[in-house]
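sequence first, then the predicted structure, then my questions.
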Amino acid sequence: MTSTAPLPTAAAPAGDDEIDLRELGGALVRRWRLIAAGAGAGLVLAGLVTLIQKPVWEGEFQIVLAEDKHGGGLSALLGQNAALASLVGLGGASAGGDGQETEVKILESPSVLLPVFTWLKANKPAQIAADMRFKNWVKDAVEVKAEKGTAVLNVSFRDTDKALVLPATRRISQAYQEYSGRQRRRELNNLVTYLEAQIEAVKPKVQVSSRAAQDYASAQGLGVIDGLPVSGTLSVSGGATGQQPGQGSSVAIGAGQGGILEIRRTLAQQRITALELQLRQVKAAGNQLLFIASETAARTDKGSTFIALTAIEGQLAEKRSRLRPGDPLVQRLERERAALVGYINRQTIALLEGELAVSRAQFNALERPKAVIQRHRELTQKALRDEATLVELENNLAKFKLEQARETDPWDLISTPSLVDAPVSPRPARNLALGLLAGLVLGSGGALVADRRSGLVFAADELRQQLPYPLLASLEDGQPISWGTSLQLLAQGPLAGAVQVALVPAGAQPQASAVAQQLQAALQAADPAAQVLLTSDLSVAGRCSAQLLLAAPGAASRAELARLQQDLQLQGRPVAGLLLMRDAA
């Protein structure tokens, strides 16, 4: 048989493949029809909404916060004192760098907008006014936005009644002008009153905690900073006179000359550890190696001994250059050298042991009960905290009194209220685009649901699960030219020597005949008698020397794949592997 011979097929009903192909094509058509129907419905609905919706008009004006212009202000001060802002109930709104969040909340508050809302209801038809609620009206009609990176706020008002938009916008601007100065003065007065009350309450606590810490330190023989952390600073927010804005004063902890108790104990312990290590090293040296402790050499009188050792070293070097190692003269000089080395090392050991005893005594003298240290630490830290709190309160009081004396408005109107020429809503292009997008999403979702209900398997991973056989090759659908290399490797590898191969398609696959022909051509390159039998009859496929499965996404349902897997198990013949058709990239 040659590669041009007709491809043998098993007996099967003549119309089965055509029916399956029609069903597969019908599923694809239904899918695209659902997507197109969804897109069309979205466009129609968006068009109807655009036609029915009333035009919305907008009025607008701009304000700039005065704190940014004058380089200070209430919000800037609170921004430097976040803890104080949270204590007086202003939190992050007043403490935000430019105060923009505070101004936005004020513009949206009932104190400013309720009179405008009442006026607007009085000018609306009774049926519309009855359904109006302040919260919903503020959310839908009033918008305040901050210009990024600036202290400018954009205020806009929207309504379907064009005649009311500009008057309402002007009333919002006037209401905020009247409210802003009163609000600022009330906030400053509340802050000053609060700070004065806190200072009066904190002063007695500072005196008590400071006296307690000093008395306890004197009674236990401790310094003011003994027992505190080794280093660090206690920052005082608010700063002192002469500092830059935003800076704070600080109290150094553990930075005093001479160190604190923990530092001296640590140094003593390090000294003891070093001396113990030197002792172990010099004892291990014996009389063979000379051990020299540099810090102890100046305190010992070893000059003559070192001179003698140097002289012996010189003689020994000179003798070794002329005599044999076992010569009695060389041996005598070596014994003298070992004796001197041992003598020097013993002196070093005695000196190190003396220094070790002194260091241990110093360490023990610095010992304090843990309870004493802990109590001293608690008292001292409490005194420092109280003192820092008092300094911070006094600094803040001075700053807010200065701000109270300035009496400046927190904002300036930089554009007069105006009416936008064209309606801001509806926007036909945007509505149609959103309708189209929503329709495509809904249509795609409907298509997915329809595909799911049809039972067809489109995912390659699910195909691999339903047909758990080795994947021998992945072939691009509609690209027969690209199959050649994969099929040739398949013929030379897993199918080498197979005279008759059964190719069993899973479901309707238009490419099955082309795959079978190219596979047969690849097999006949090695054996002209080789044949590929394209069949769905497993009883016929089981008589072949090898059988392959051909699967493709969307070609078979889950029930068909399960039935095929069950029939293969009943057949009892091994399956060489799986060929998977995939969409071309």
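Structure received. Numbers count the residues shown, from 1 in each chain.

could you chop the protein up by domain?
Using automatic domain parsing, the domain parsing of the chain gives 16-31+456-582, 57-190, 201-256+369-397, 262-365.

quick one: terminal-to-terminal distance for the shortest one?
Pointing back at domain 201-256+369-397 there. One end of domain 201-256+369-397 to the other measures 14 Å (CA to CA, to the nearest Å).

who are the contact partners of the residue nearest to L564 when sequence neighbours are not counted?
Spatially, and ignoring its direct neighbours in sequence, L564 is nearest to A506 (5.8 Å; CB to CB, 6 or more residues apart in numbering). Just so you know, the C-beta spots here come from the backbone N, C-alpha and C atoms, and that holds for glycine as well. The contact partners of A506, taken as CB atoms under 8 Å, 6 or more residues apart in numbering, are 467, 549-552, 555-556, 560-561, 564.

mind running it again at 10 Å?
If you count contacts by CB atoms under 10 Å, 6 or more residues apart in numbering, A506 has them with 457, 463, 466-467, 512, 536, 549-552, 555-557, 560-561, 564-565, 578-580.

what does Q465 give?
Taking CB under 10 Å, 6+ apart as the test, what Q465 contacts is 457, 459, 561.

now Q488
Taking CB under 10 Å, 6+ apart as the test, what Q488 contacts is 518-519, 521-523, 525-526.

mind checking pLDDT for it?
With respect to pLDDT, Q488 scores 87.

what does L78 give?
60.

didn't A496 look like it was pressed against A525?
No - applying CB atoms under 10 Å, one finds A496 not in contact with A525, separated by 11.3 Å.

returning to that earlier point: in strands, which of the contacts of A506 appear?
The strands, defined by DSSP state E, take in 549-551, 578-580 from the contacts of A506.

for PyMOL, what selects the buried ones among those residues?
Those of those that count as buried under 16 or more other CB atoms under 10 Å are selected in PyMOL with:
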select buried, resi 549+550+551+578+579+580
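
how about the ones in strands among the contacts of A506 in CSV, adding pLDDT?
CSV is the format used below for the ones in strands among the contacts of A506 (pLDDT from 0 to 100):
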residue, pLDDT
L549, 88
L550, 89
A551, 87
L578, 88
L579, 88
L580, 87
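
as JSON lines, the ones in strands among the contacts of A506 with distance to L166 would be great.
Compiled in JSON lines, those are given as follows (distance: CB to CB, whole Å):
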{"residue": "L549", "distance to L166": "75"}
{"residue": "L550", "distance to L166": "74"}
{"residue": "A551", "distance to L166": "70"}
{"residue": "L578", "distance to L166": "73"}
{"residue": "L579", "distance to L166": "74"}
{"residue": "L580", "distance to L166": "68"}
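
which pair in the ones in strands among the contacts of A506 spans the largest distance?
Pairwise distances among the ones in strands among the contacts of A506 were taken by CB to CB; the largest, 9.1 Å, belongs to L549 and L580.

can you list residues touching both of those two?
463, 467, 472, 506.

tell me which helix or strand the third one sits in.
Same thing as L472. strand 471-476 (DSSP states H and E).

I'd like the average pLDDT over that strand.
86.

render the CA-only coordinates of it in CSV, please.
Provided in CSV are the C-alpha atoms of strand 471-476 (Å, rounded to 0.1, in the frame of the first residue of the first chain):
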residue,chain,number,x,y,z
LEU,A,471,-0.6,13.5,25.5
LEU,A,472,1.5,12.6,22.4
ALA,A,473,1.0,15.7,20.4
SER,A,474,-0.9,19.0,20.2
LEU,A,475,-2.0,19.9,16.6
GLU,A,476,-3.1,23.4,15.5
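
who does that strand pair up with?
strand 577-582 (parallel) (DSSP bridges).

ok, back up a step: who touches the strand holding L472?
460, 463-464, 482-483, 485-487, 489-490, 493-495, 511, 514-515, 518-519, 548-552, 576-585.

what angle separates whichever helix or strand comes after that strand from strand 577-582?
Scanning forward in sequence from strand 471-476 by DSSP H and E, the next helix or strand is helix 484-492. Comparing the axes of helix 484-492 and strand 577-582 via axes from the mean of the first three to the mean of the last three CA atoms, to 10 degrees yields an angle of 170 degrees.

show me which residues of the helix or strand just after helix 484-492 are buried.
Next in sequence after helix 484-492, counting helices and strands by DSSP H and E, comes strand 500-505. Under the neighbour-count criterion of 16+ other CB under 10 Å, strand 500-505 has 500-505 buried.

cool, stretch 551-563 as well?
Those would be 551-557, 560-561, for stretch 551-563 by 16+ other CB under 10 Å.

residue contacts, A551?
457, 460, 463-464, 466-467, 469, 471, 504-507, 509, 561, 564, 578-581.

whoops, I mixed them up, A530
Per CB under 10 Å, 6+ apart, neighbours of A530: 1, 3, 491, 495, 497-501, 519-524, 545.

dump stretch 329-344 to CSV, restricted to CA.
Output in CSV follows, covering the C-alpha atoms of stretch 329-344 (Å, rounded to 0.1, in the frame of the first residue of the first chain):
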residue,chain,number,x,y,z
LEU,A,329,74.3,22.9,71.7
VAL,A,330,71.1,23.4,69.7
GLN,A,331,69.1,21.3,72.2
ARG,A,332,70.5,23.4,75.1
LEU,A,333,69.5,26.7,73.5
GLU,A,334,66.0,25.3,72.8
ARG,A,335,65.6,24.3,76.5
GLU,A,336,66.6,27.7,77.6
ARG,A,337,64.2,29.3,75.1
ALA,A,338,61.3,27.1,76.3
ALA,A,339,62.1,28.0,80.0
LEU,A,340,62.0,31.7,79.2
VAL,A,341,58.8,31.4,77.2
GLY,A,342,57.2,29.5,80.1
TYR,A,343,58.4,32.1,82.6
ILE,A,344,56.9,35.0,80.6
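
and it, average pLDDT?
80.

from the chain's centroid, how far away is that stretch?
Taking CA atoms, centre = their mean, to the nearest Å, one finds stretch 329-344 lying 71 Å from the centre of the chain it belongs to.

what residues of it count as buried?
330, 333, 336-337, 340-341, 344.

can you redo these as JSON lines with distance to L279 and secondary structure?
Shown next, in JSON lines, are the buried residues of stretch 329-344 (distance: CB to CB, whole Å; DSSP: H, G, I helix; E, B strand; the rest coil):
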{"residue": "V330", "distance to L279": "33", "secondary structure": "helix"}
{"residue": "L333", "distance to L279": "29", "secondary structure": "helix"}
{"residue": "E336", "distance to L279": "26", "secondary structure": "helix"}
{"residue": "R337", "distance to L279": "23", "secondary structure": "helix"}
{"residue": "L340", "distance to L279": "20", "secondary structure": "helix"}
{"residue": "V341", "distance to L279": "17", "secondary structure": "helix"}
{"residue": "I344", "distance to L279": "15", "secondary structure": "helix"}
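
for whatever helix or strand K399 lives in, name the packing helices and strands.
Element membership of K399, judged by DSSP H and E, is helix 370-406. Packing partners of helix 370-406 (3 or more CB pairs under 10 Å, 6 or more residues apart in numbering; DSSP states H and E): helix 66-70, helix 74-80, helix 82-87, helix 162-220, strand 232-236, strand 249-253, helix 261-285.

toward the C-terminus, what is the element adjacent to it?
Moving toward the C-terminus from helix 370-406, the next element (DSSP H and E) is strand 411-419.

please state the offset of that following strand from the chain centre?
Using CA atoms, centre = their mean, the offset of strand 411-419 from its chain centre is 41 Å.

that one pairs with which strands, parallel or anti?
strand 57-65 (antiparallel).

tilt between the strand it pairs with and helix 162-220?
Using the same axes, to 10 degrees: strand 57-65 against helix 162-220 is 30 degrees.

so which helix or strand of this protein has the lowest pLDDT on average?
helix 91-95 (a mean of 42; mean pLDDT, DSSP states H and E).

which helix or strand lies directly C-terminal to that helix?
Next element after helix 91-95 (DSSP H and E): helix 100-107.

could you export the helix or strand following that following helix as PDB, CA atoms only?
Moving toward the C-terminus from helix 100-107, the next helix or strand (DSSP H and E) is helix 110-122. In PDB, the C-alpha atoms belonging to helix 110-122 read as follows (Å, rounded to 0.1, in the frame of the first residue of the first chain):
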ATOM      1  CA  PRO A 110     -26.400  70.500  57.000                       C
ATOM      2  CA  SER A 111     -25.100  73.600  58.800                       C
ATOM      3  CA  VAL A 112     -24.200  75.000  55.300                       C
ATOM      4  CA  LEU A 113     -26.500  73.300  52.900                       C
ATOM      5  CA  LEU A 114     -29.800  72.900  54.800                       C
ATOM      6  CA  PRO A 115     -31.000  76.500  54.100                       C
ATOM      7  CA  VAL A 116     -30.200  76.000  50.400                       C
ATOM      8  CA  PHE A 117     -32.100  72.600  50.400                       C
ATOM      9  CA  THR A 118     -35.100  74.300  52.100                       C
ATOM     10  CA  TRP A 119     -35.100  77.100  49.500                       C
ATOM     11  CA  LEU A 120     -34.800  74.600  46.600                       C
ATOM     12  CA  LYS A 121     -37.700  72.500  47.900                       C
ATOM     13  CA  ALA A 122     -39.900  75.500  48.100                       C
END
